[in-house]
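1. Provided below are the primary sequence and the corresponding predicted coordinates.
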Amino acid sequence: MDNGSVLGKRRMAKKGVFICIEGLDGSGKTSQTKLLVRHLRRNGCDAVYTAEPTKGRIGRFIRRHCLNSEKRCSSMVETLLFAADRVEHIKTEIVPMLQAGRTVVSDRYVYSSYAYQGATGLDLEWIERANQFAVRPDLALFIDVKPELVLKRLKAKKSVMENLETQRKVRQVYQTYVERGDLCRIDGGGSLAEVHGRLVKTIDDFLTKK
């Protein structure tokens, strides 16, 4: 996609703040994202929660055929499906809300594609090229929880991701982006309130300086 694309132009027109929250399945990421949105709203911020995969047509297909299913697509197909869903997410939700001056908080974003499809051995540069259209978040956070802990939670939910080696590989890819400076690591150990406190401090500090 060239620099003259619609998404490319909209990236330049962004007015609001875009935050994404990442983490292993079972890390408490969704609960923390929703708590964060409530915190921001209570403090006068026009914040909105969104998530990937979306509830749109492609997102629904992904949930039905790629997640919690024994007959999963290949990693390459999954990457392209998530990228297609992301195009619609950006075009119909993220960019319009940013242009309206809102704070958009996404429960998973492009880093999930890097981590989960990358953990299967798919080339990270290829995944990045497939997602080169993606609007860059103002702040991207990784809630880091040990794979052994999330595995216990996933087994309770009978998730298809209940494999220690898989979780370790996913975490390793996330850490690659932490080391690059694309993701800010948040210690996910401790109670819900403790993790929320760390998350809020990081984001409040960021918004104060912005």
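-> Okay, I see it.
2. Quick check: residue 91 vs residue 110, distance?
-> 14 Å (CB to CB, to the nearest Å). Glycine gets a C-beta too; all of them are placed from N, C-alpha and C.
3. So if I had to pick from the two, which one is more boxed in?
-> Set residue 91 next to residue 110 and count neighbours by other CB atoms under 10 Å: residue 110 wins out with 28 against 15.
4. Please tell me the pLDDT value assigned to that one.
-> pLDDT for residue 110: 98.
5. Please report how far it lies from residue 134.
-> Applying CB to CB, the value for residue 110 to residue 134 is 5 Å.
6. overlap in contacts of these two?
-> residue 86 (CB atoms under 8 Å, 6 or more residues apart in numbering).
7. Spell out the secondary structure type for residue 186.
-> Following DSSP: H, G, I helix; E, B strand; the rest coil, the label given to residue 186 is strand.
8. I'd assumed residue 203 was in contact with it.
-> No: between residue 186 and residue 203 there is no contact under CB atoms under 8 Å: 9.7 Å.
9. Spit out the residues that contact those two alike.
-> In contact with both residue 186 and residue 203: residue 141, using CB under 8 Å, 6+ apart.
10. Now do the helices in this structure.
-> Along the chain, the segments classed as helices by DSSP state H run 6-12, 29-42, 57-65, 75-89, 95-99, 110-118, 124-130, 147-157, 164-180, 192-209.
11. Show me what the longest one is packed up against.
-> Secondary structure elements in contact with helix 192-209, counted by 3 or more CB pairs under 8 Å, 6 or more residues apart in numbering; DSSP states H and E, are strand 17-23, helix 29-42, strand 139-144, strand 184-187.
12. out of these, nearest to residue 87?
-> Minimum separation from residue 87 across the helices and strands packed on helix 192-209 (CB to CB) falls at strand 17-23, 15.7 Å.
13. Let's have the helices of the chain in CSV, adding distance to residue 22.
-> Below are the helices of the chain laid out as CSV (distance: least, CB to CB, whole Å):
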stretch, distance to residue 22
helix 6-12, 20
helix 29-42, 7
helix 57-65, 17
helix 75-89, 14
helix 95-99, 19
helix 110-118, 5
helix 124-130, 14
helix 147-157, 13
helix 164-180, 7
helix 192-209, 12
